[in-house]
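In: no sequence on this one, just coordinates:
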């Protein structure tokens, strides 16, 4: 707040002026508000003016920071005027000092006096002692250090006051590295690292400072506006944006007390740009976005760093000093209540569903929190879901074995070009935020502590992610196999899916699924993207997945699978219960089967803890088979429940993942008791063998031949000690255990085949005709791998 009219207290007016015009305006203001007070000017660098040191000897002296902000008058609303206003703002803020006089004469109201919160020398000295250690009067250069500290505090105070004029979106850090390196914490950190790495403290301090300069974002309002103007076309034309406004308002209140750490899902290069615009338009401060330095090429690097992007090395192995710099930087940002953002999956999803989280940055933040007992951070899971993505074709090609195109200027130009076509809606939703400190306290310490926190984030993202029309339409078309559907048939297939999801509180786009016009619009967009083919040469148009695009369709389908997962597991458990012999405990058998399925899928999906999972399954069972859990339930009741179900999803949800695991299991069996060898070569072999098995109709779905699915299956095999010979006492031979896994998968795939027969029987009624084309295979190898016989769900083809 400005200390207008303070005449009975000694004061020093501390000004930051870039030109004679600014010095004159500030001098006039000082003469009016603080007559007789000395005016001391300082520049943009870290040095303090020599005369300031002598003005800081009396504790009661009031230091009043002040500067000029050039802000053009607001224009009329409208897109053109917004662009003109942005250009005017950029021109004024970055105008050369020689133009200041002309600007003051022509638009005098644009020169705004910004007065920071004043403070006494005594108050500043107390802050200095707390943050940097030692009193200004101790000697040994402390007086000069105190003067530099006062200059930094003056800059921050003016920043805060300027933000009241510009809005919270322009809350930017100033002299961040200088603040960190001047602190007592920094000197103590350097001392500890000096002992750990065996280097002199001065050398460690130099290395730490160098790392901090390398990663630190140096935000500025003009750079933020320039970045928004240049990068806006990457998302503004491609998508309309729908935002969870209530969720953001809750976060605004939390942000008054704590730093927010936004952890969004990651499907597109556009995620951080789109999300930044969502926050900017709602007057949230700019996030510090942590990203890989693979995107720091010119001009992205230079401009992005000034707009809040923190570029971090993709790998830094055993670099102890770099790790310490990251921890200290994150802790400083958190303590100063600057918001953070990073993508917990560590990279864009290649399959359309959440990847396994990476814990590195979360580990550094947790360590920084532990080192600062008075601080906390609020973790905010964020779901960003798109109807379509232009880049999904390239990601699907990677899964088939193609190589990732390196980012660069040429890549960026191509990406700009692709993003010019409108492809639907992007939806941004916020899960329940939670305190990192509290979450760590509630979780037992150990190697799984951070994993549980990260899983809580991912489960939150999944919970609030909507089911898009694209995901449900591709699910229906992939379930229909290589059969084309009319518009009405597709509506009839999608309707039970939408009903099921809505009954469980999952947001579903009504207009795009329930109306002929909305559904046709979704199909036309998929056809424009070459995902769906439309045949119009008959009595009415029919729709199917385009040849060679099953991986792309599966990407969109997979975005909704987590909402259907428990239903799919329950269907398989019921099938197994229906196979039970006389005297078997159906309840125990069902839960045993669910535990087995959960273990097989634990690296593909995020499950609730066991107690919550059990409650979720009971909810599914109450819909599928109300007799479940009662003594009167019989095996035949379980099969009857499946036959009568209006919807069966297990084959559509689980088959691709089990097929991918089968490929890996077959290749491990082929090694007999031998070691894996090079993992990359093994995965390359799996891709080739998977294509062969698909052509031989040993696999059911083309999207199961996927580098990422095979890699996840290999991780599961490693978790089961099936990769390398272990030689543990009492363990079965490795080859036998590998064969057991393969046989387990084959049995489950047979279960899905049996459930698939029931689903095809339901579809035949819905679609009004045979759904079976025996022996037919599409160009992708998509086929119906089972013989006809809709009611035949007995094991191994024996009617039950």
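Out: Sure, I can see it. Computed from a prediction, not measured in an experiment: that's the story for all the values here.

In: and residue 422, how many residues sit next to it?
Out: 14 (other Cβ atoms under 10 Å). All C-beta atoms are positioned from the backbone trio N, CA, C, and that covers glycine.

In: shouldn't it be in contact with residue 386?
Out: No - contact criterion Cβ atoms under 8 Å: residue 422 and residue 386 do not qualify, at 11.9 Å.

In: Give the residues shared as contacts by those two.
Out: The contact sets of residue 422 and residue 386 overlap at residue 239 (Cβ atoms under 8 Å, 6 or more residues apart in numbering).

In: what about residue 311, is that helix, strand or coil?
Out: Assigned with DSSP: H, G, I helix; E, B strand; the rest coil, residue 311 falls in the strand class.

In: Hmm, I typed the wrong one, I wanted residue 598.
Out: Strictly by three-state DSSP, residue 598 counts as helix.

In: For it, which residues are in contact?
Out: 569, 607, 613.

In: Mind pulling the model confidence for the last one?
Out: According to the model's per-residue confidence, residue 613 sits at a pLDDT of 93.

In: try the second one
Out: What the model reports for residue 607 is a pLDDT of 93.

In: helix/strand/coil for it?
Out: coil.

In: how close does residue 196 sit to residue 185?
Out: Residue 196 sits 16 Å away from residue 185, going by Cβ to Cβ, to the nearest Å.

In: which of these two has more neighbours?
Out: Remark: of residue 196 and residue 185, residue 185 carries more neighbours, 19 against 12, as counted by other Cβ under 10 Å.

In: The more buried one and residue 329 touch, don't they?
Out: No - judged on Cβ under 8 Å, residue 185 makes no contact with residue 329 at a distance of 11.9 Å.

In: what bits of the stretch 101-250 of the chain have low per-residue confidence?
Out: Residues of the stretch 101-250 of the chain meeting the criterion pLDDT under 70: 139-140, 167-174, 233.

In: where do the strands sit along it?
Out: 111-115, 119-120, 240-243 (DSSP state E, counting those that start in this stretch).

In: Now tabulate those in a markdown table and tack on distance to residue 316 and mean neighbour count.
Out: Below are these laid out as a markdown table (distance: least, Cβ to Cβ, whole Å; neighbours: other Cβ atoms under 10 Å):
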| stretch | distance to residue 316 | mean neighbour count |
| --- | --- | --- |
| strand 111-115 | 40 | 18 |
| strand 119-120 | 39 | 19 |
| strand 240-243 | 35 | 15 |
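
In: Quick one: closest of those to residue 748.
Out: strand 240-243 (38.3 Å; Cβ to Cβ).

In: What is that closest one packed up against?
Out: helix 271-281, strand 425-430 (3 or more Cβ pairs under 8 Å, 6 or more residues apart in numbering; DSSP states H and E).

In: so the longest one versus strand 425-430, what angle?
Out: Computed with axes from the mean of the first three to the mean of the last three Cα atoms, to 10 degrees, the direction of helix 271-281 lies at 70 degrees from that of strand 425-430.

In: elements contacting helix 271-281?
Out: Secondary-structure packing of helix 271-281 (3+ Cβ pairs under 8 Å, 6+ apart): helix 221-231, strand 240-243, strand 259-264, strand 288-292, strand 377-386, strand 425-430.

In: ditto for the last one
Out: When contacts are defined as 3+ Cβ pairs under 8 Å, 6+ apart, strand 425-430 packs onto strand 240-243, helix 245-254, helix 271-281, strand 377-386.

In: any idea of the mean pLDDT in the longest one?
Out: To tie it back to what came earlier, the one meant is helix 271-281. Helix 271-281 comes out at a mean pLDDT of 90.

In: Could you list the residues in contact with that helix?
Out: Residues contacting helix 271-281 (Cβ under 8 Å, 6+ apart): 169, 224, 228, 231-232, 234-236, 239, 241, 243, 262, 264-265, 268, 285-287, 289, 291, 308-309, 341, 343, 382, 384, 426, 428.

In: which of the residues in it are buried?
Out: Burial within helix 271-281, assessed by neighbour count using 16 or more other Cβ atoms under 10 Å, is assigned to 271, 272, 273, 274, 275, 276, 277, 278, 279, 280.

In: Format these as TSV; extra columns: distance to residue 710.
Out: Formatted as TSV, those follow (distance: Cβ to Cβ, whole Å):
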residue	distance to residue 710
271	26
272	29
273	32
274	31
275	31
276	35
277	37
278	36
279	38
280	41
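
In: And the lowest mean pLDDT element among the helices and strands of this structure?
Out: helix 79-93 (a mean of 50; mean pLDDT, DSSP states H and E).

In: what mean pLDDT would you report for the host helix or strand of residue 744?
Out: Using DSSP states H and E, residue 744 sits within helix 734-767. Average pLDDT, helix 734-767: 90.

In: Contact partners for residue 484?
Out: Residue 484 sits in contact with 535, 542, 543, 544, where contact means Cβ under 8 Å, 6+ apart.

In: and the third one, how many neighbours?
Out: In this case it means residue 543. Around residue 543 there are 25 residues (other Cβ under 10 Å).

In: I'd assumed residue 534 was in contact with it.
Out: Yes - under the criterion of Cβ under 8 Å, residue 543 makes contact with residue 534 at 5.7 Å.

In: Residues touching stretch 437-447, excluding its own?
Out: Contacts of stretch 437-447 (Cβ under 8 Å, 6+ apart): 366, 369, 376, 377, 379, 449, 452, 453, 456.

In: Now with 7 Å, please.
Out: 366, 369, 376, 449, 452, 453, 456 (Cβ atoms under 7 Å, 6 or more residues apart in numbering).

In: Contact partners for residue 708?
Out: 350, 351, 399.

In: Name the member of those residues with the most neighbours.
Out: Going by other Cβ under 10 Å, residue 351 tops the contacts of residue 708 with 25 neighbours.

In: For that residue, grab phi and psi.
Out: Backbone torsions of residue 351, given as degrees, to the nearest 10, read phi -120, psi -10.
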